[in-house]
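model this:
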Amino acid sequence: YSFSFLLPMGLYLMFRLMGIISFSVVDLICFYGYSLVAYIPTTWICVAPVSWLQWLSLCISTVVSGMLVLRNVTGPILESGGGGGGVGQGKS
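Now for the predicted structure:
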């Protein structure tokens, strides 16, 4: 379960260092958790003993999962001015 908390925590720290404070850790954990729903159909597809189908479904699920996170995170980042304030500068 560590990947479910470490990646959102890393994103939170990165956003904080960039000066984008529009997300809480809980928000990022929820975004990432909901994005993992794309892997549910993949688990059923991976039951079939066809390796190319398993890899294809895993690749598609990974792209869909990443797009779900990006869709939820990109809007608030763009609204906040894009950050880029540097380490420790915060919002002005």
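
shaky segments in the protein?
1-3, 21, 80-92 (pLDDT under 70).

excluding its backbone neighbours, what's nearest the residue nearest the centre of it?
For the chain, V69 is the residue whose C-alpha lies nearest the centre (C-alpha atoms, centre = their mean; 3.9 Å). Excluding the flanking residues, the one nearest V69 by C-beta to C-beta, 6 or more residues apart in numbering is S35, at 4.8 Å. In this view, the C-beta of every residue, glycine as well, is placed from N, C-alpha and C.

tally of neighbours for the one you found?
Residues within reach of S35, counting by other C-beta atoms under 10 Å, total 19.

what residues sit buried inside the helix or strand hosting it?
Here S35, judged by DSSP states H and E, is contained in helix 25-35. Neighbour-count burial for helix 25-35, counted by 16 or more other C-beta atoms under 10 Å, picks out L28, I29, F31, Y32, S35.

just the CA trace of that helix, in PDB.
Written as PDB, here are the backbone C-alpha positions of helix 25-35 (Å, rounded to 0.1, in the frame of the first residue of the first chain):
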ATOM      1  CA  VAL A  25      -2.300  15.600   0.900                       C
ATOM      2  CA  VAL A  26      -5.800  14.100   1.300                       C
ATOM      3  CA  ASP A  27      -6.900  15.600  -2.100                       C
ATOM      4  CA  LEU A  28      -3.900  14.100  -3.900                       C
ATOM      5  CA  ILE A  29      -4.400  10.700  -2.200                       C
ATOM      6  CA  CYS A  30      -8.000  10.700  -3.300                       C
ATOM      7  CA  PHE A  31      -7.100  11.700  -6.900                       C
ATOM      8  CA  TYR A  32      -4.500   8.900  -7.100                       C
ATOM      9  CA  GLY A  33      -6.800   6.400  -5.400                       C
ATOM     10  CA  TYR A  34      -9.700   7.100  -7.800                       C
ATOM     11  CA  SER A  35      -7.300   6.800 -10.800                       C
END
